[in-house]
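A.B. asks: sequence and predicted structure below; questions after.
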Amino acid sequence: MTSAPAPFDIVIVGQAGRLQAEALLFAASLRASAPGFAGRLLVAEPQPGPCWNIDPRMTADFGAALRDLGAEIRPFESRHFGESYPHGNKIEALAALDPDAPFVFFDSDTLVTGDIGALRFEFDRPAASMRREDSWPVPRPGWPGAQAVWAALYRHFGLDLASSLDPTRADTDWQRYLYFNAGWFYGADPRGFGRRFTDWALRIRDDPPPELAQQSLDPWLDQVTLPLVIHAYGGGRPGPELDGLDGDVTCHYRSFPLLYAREPDRVVDLLERIAAPNRIKRLLKTHAPIHRMVYRGKGRDLRAMFDRSALPQPEREIRNRIRAAGLWMR
């Protein structure tokens, strides 16, 4: 008989503004879609400090609602990123977690749509989301090429580039190189993973190899660093056992207009169902995109503009059509 998967922690970030609303929806979707989940939902919350010009903490009402849904709030200090680079939250939040407790981090703009506890993660071999586009490095006049850029980064940290490559793809194919969307990733020890993620991100930001001279690291720093960290831990591309992530089990919707434009009916139906209870609705209505898209029905109007079987590519084409209709909100 096959044993049940061991429990693990799910980690998201919650902070004032958009992320507290998204965190509440994540928690509600976990409760609705995986009621038997045996692990913990940890909501990492940045605290006031010199890296923030505002108080980044969630309001008391949102914190209470998250706890009512079974979440545990984990405060953390922003030592290096904060307001100047909010994507750094996912890097520094790992310091607030328990050592040696297997974790899966999700961006807060994600919904759980299936039994996530049934997935079999190989925590000693970390991986991350493959739902990404050719966003980095960007070709520039006179640049050395993608292979030279990635090779320089691997040398910078004493890593072997060759063992990270997809040998079925050509040198000029961006998918040959280990590159992830940082919307989800996992590992066995959040403290160790977080220390390396932080240290290496700072080294790339503050002392990049010369091959990166023409490349922007804002907002790409987390996605540039993540494959290096994963490779250093002996990880790589996720296997088919995790196809449910960005599939039947989770949906990284990115924004509510994009959700209505491109996600399956079951995702839209789940969103509207978990947003309906009055105790949640009274909080979510304070977030303008949810108020307009979900409660005023503009999301359904937007949805009618797109054929999900023939969506424009790349994603910016979808965004442009939404903007042209005056329906883009973040």
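C.D. replies: Looks like it came in fine. Note that the structure is a prediction, hence the values are computed from the model and not measured.
A.B. asks: pLDDT below threshold where in the stretch 151-300 of the chain?
C.D. replies: Counting by pLDDT under 70, not a single residue of the stretch 151-300 of the chain qualifies.
A.B. asks: what segments of the stretch 101-250 of the chain are helices?
C.D. replies: Assigned by DSSP state H, counting those that start in this stretch, the stretch 101-250 of the chain shows helices spanning 146-156, 190-206, 221-232.
A.B. asks: for residue 135, find the nearest of those helices.
C.D. replies: Closest approach to residue 135 among the helices of the stretch 101-250 of the chain is made by helix 221-232 (7.5 Å; Cβ to Cβ). From N, CA and C alone the C-beta is placed, and that goes for glycine too.
A.B. asks: what does the closest one rub up against?
C.D. replies: The list of residues contacting helix 221-232 from outside it, by Cβ atoms under 8 Å, 6 or more residues apart in numbering, reads 85, 87-88, 90-91, 126-128, 132, 135-136, 153-154, 157, 159, 163-164, 177-182, 185, 187, 193, 196-197, 200-201, 204-205, 217, 236.
A.B. asks: after that helix, next one along is what?
C.D. replies: Next along the chain after helix 221-232, taking DSSP states H and E as the criterion, comes strand 250-252.
A.B. asks: ok, back up a step: show me the contacts of helix 221-232 that map onto strands.
C.D. replies: Counting by DSSP state E, these place 128, 181-182, 185, 187 in strands.
A.B. asks: which of these sit farthest apart?
C.D. replies: 181 and 187 (16.2 Å).
A.B. asks: more crowded one of those two?
C.D. replies: Counted by other Cβ atoms under 10 Å, residue 181 and residue 187 do not tie: residue 187 has more neighbours, with 26 against 20.
A.B. asks: which residues does residue 286 contact?
C.D. replies: Applying Cβ under 8 Å, 6+ apart, the residues near residue 286 are residue 21.
A.B. asks: state the distance from it to residue 182.
C.D. replies: 28 Å (Cβ to Cβ, to the nearest Å).
A.B. asks: again with residue 8
C.D. replies: Distance, residue 8 to residue 182, using Cβ to Cβ: 18 Å.
A.B. asks: same check on residue 277?
C.D. replies: Separation of residue 277 from residue 182 (Cβ to Cβ): 31 Å.
A.B. asks: neighbour count for these two, which is higher?
C.D. replies: Using other Cβ under 10 Å, the more surrounded residue of residue 277 and residue 182 is residue 182, with 23 against 11.
A.B. asks: thought that one was touching residue 91?
C.D. replies: No: Residue 182 is beyond contact range of residue 91, at 9.1 Å (criterion: Cβ atoms under 8 Å).
A.B. asks: spatially nearest residue to residue 175 (excluding sequence neighbours)?
C.D. replies: Spatial nearest neighbour of residue 175, excluding adjacent residues (Cβ to Cβ, 6 or more residues apart in numbering): residue 169 at 5.4 Å.
A.B. asks: now swap in residue 138 and tell me
C.D. replies: Distances taken as Cβ to Cβ, 6+ apart place residue 215 nearest to residue 138, at 6.5 Å, with adjacent residues excluded.
A.B. asks: which ones are touching that neighbour?
C.D. replies: Per Cβ under 8 Å, 6+ apart, neighbours of residue 215: 136-138, 140, 149, 208.
A.B. asks: state the helix or strand in which residue 257 lies.
C.D. replies: Here residue 257, judged by DSSP H and E, is contained in helix 256-262.
A.B. asks: does anything pack onto that helix? Which helices or strands?
C.D. replies: Other elements packing on helix 256-262 under the criterion 3 or more Cβ pairs under 8 Å, 6 or more residues apart in numbering; DSSP states H and E are helix 265-274, helix 288-290, helix 298-303, helix 315-324.
A.B. asks: center of the protein - which residue?
C.D. replies: Centroid check for the chain by Cα atoms, centre = their mean gives residue 183 as the closest residue, at 1.9 Å.
A.B. asks: quick one: that one and residue 252 touch, right?
C.D. replies: Yes: if you go by Cβ under 8 Å, residue 183 and residue 252 touch, sitting 4.3 Å apart.
A.B. asks: how many other residues sit next to the closest residue to residue 177 other than its chain neighbours?
C.D. replies: Leaving aside its chain neighbours, residue 177 sits nearest to residue 150 (4.9 Å; criterion: Cβ to Cβ, 6+ apart). Residue 150 has 23 neighbours, counted by other Cβ under 10 Å.
A.B. asks: and the closest residue to residue 14 other than its chain neighbours, which of the three is it?
C.D. replies: Residue nearest to residue 14 in three dimensions, not counting chain neighbours: residue 23, with 3.7 Å by Cβ to Cβ, 6+ apart. Put simply, residue 23 is helix when judged by DSSP: H, G, I helix; E, B strand; the rest coil.
A.B. asks: so what pLDDT did residue 23 get?
C.D. replies: In this model, residue 23 is scored at 98, pLDDT.
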